[in-house]
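**Q** what follows is a predicted protein model with its sequence.
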Amino acid sequence: MQRVAARELPETLRIAHPGTTVAFAKRDAVARGYGAAVRAARENGFEATLRLAGGRAAIFHEGTMEIGHAVPDDDPRAGIHERFRETSHKLARALTTLGVDARVGEIDGEYCPGRYSVNARGVVKLAGIGQRVIGGGSHTGVVLVIEGEERINEVLGPVYAALGLDWNPAATGSVRGEEPSADWGRVSDAIVTEHAREYDVVEAELDEETLALARELAAEHRVEA
């Protein structure tokens, strides 16, 4: 986001395998049970990190997909809701091509609730979306559950209990729970295809300058509790 906002890189879509972590939000970090929630995450095999966007604690593991869209924009705040809307509907359309009854909207009892969550059948959450803006640009991030919703519920139970958050485990879903043939590769291809309807998509690797900046900024996301 920073390098795109500085016009050092072009508009960038990143699709990646994330690490195994509970990504706590700023609201979680000031909650009374934050320390206990961090311990619960680690006791269940998840690292604890602090994210700079989004509402409440979200889960990343090897069965999830991280999607990030960094956009240069001289007035990024003006387009916040439009970017949420476009991102959610693009994802829903991509999943629909794979046979998933994907819709946009919050499900009662979902973890890390959000108006622009992507769900299946209006019953289970598949993806959450968060956004951050800085001078010169924005970053819209998605965590999409490809598989492993049971593991999400296992760690969410004690973490959300410590934070005093209500949720319904039955509202947690996955893409492969809806369509077993929709593996990582097919989902990634569908997302790229959907973006290619609007953009000239060119495959690229993260350069060393970006990776070096990421290492430098990692301390901002480290949890010491």
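**A** Cool, got the structure. Numbers count the residues shown, from 1 in each chain.
**Q** quick one: the strands in this protein, in order.
**A** Using DSSP state E, the strands found in the chain span residues 12-16, 21-24, 47-50, 58-60, 64-72, 102-104, 118-120, 124-134, 137-145.
**Q** give me the mean pLDDT for the fourth one.
**A** For strand 58-60, the per-residue pLDDT values average out at 92.
**Q** counting by contacts, list what that strand packs against.
**A** strand 21-24, strand 137-145, helix 149-163 (3 or more CB pairs under 8 Å, 6 or more residues apart in numbering; DSSP states H and E). C-beta here means a position set from N, CA and C on the backbone, and glycine is covered the same way.
**Q** please repeat the previous calculation with a cut-off of 10 Å.
**A** Applying 3 or more CB pairs under 10 Å, 6 or more residues apart in numbering; DSSP states H and E, we find strand 58-60 packed against strand 21-24, strand 124-134, strand 137-145, helix 149-163.
**Q** what residues are up against residue 8?
**A** Contact analysis of residue 8 by CB atoms under 10 Å, 6 or more residues apart in numbering lists 2, 72, 207, 209-210, 213.
**Q** in this structure, where is pLDDT below threshold?
**A** 53-54, 225 (pLDDT under 70).
**Q** still on that earlier bit, may I see the PyMOL selection of the buried members of the contacts of residue 8?
**A** Here is the PyMOL command that selects the buried residues among those (16 or more other CB atoms under 10 Å):
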select buried, resi 2+72+210
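**Q** quick check, nearest of the contacts of residue 8 to residue 115?
**A** Minimum distance to residue 115 across those is 25.3 Å, recorded for residue 72 (CB to CB).
**Q** what's the closest of the strands of the chain to residue 220?
**A** The nearest among those, by CB to CB, is strand 47-50 at 7.4 Å.
**Q** got a list of contacts for that closest one?
**A** With CB under 10 Å, 6+ apart, strand 47-50 has contacts from 18-26, 28-29, 34, 37-42, 57, 60, 159, 218, 220-225.
**Q** from those, which land in helices?
**A** Among those, the members found in helices (DSSP state H) are 26, 28-29, 34, 37-42, 159.
**Q** a markdown table for the strands of the chain, including distance to residue 95?
**A** Listed next are the strands of the chain as a markdown table, based on distance: least, CB to CB, whole Å:
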| stretch | distance to residue 95 |
| --- | --- |
| strand 12-16 | 14 |
| strand 21-24 | 22 |
| strand 47-50 | 26 |
| strand 58-60 | 19 |
| strand 64-72 | 11 |
| strand 102-104 | 4 |
| strand 118-120 | 7 |
| strand 124-134 | 7 |
| strand 137-145 | 8 |
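**Q** ok, and the closest non-adjacent residue to residue 158?
**A** residue 40 (3.8 Å; CB to CB, 6 or more residues apart in numbering).
**Q** thought residue 40 was touching residue 24?
**A** No - using CB atoms under 10 Å, residue 40 is not in contact with residue 24; the gap is 11.3 Å.
**Q** common neighbours of these two, please.
**A** Common neighbours of residue 40 and residue 24, using CB under 10 Å, 6+ apart, are 48, 159, 163.
**Q** from those, pick the one nearest residue 177.
**A** residue 159 (21.3 Å).
**Q** now that the closest one has come up, it's in contact with residue 21, right?
**A** No - using CB under 10 Å, residue 159 is not in contact with residue 21, being 11.4 Å away.
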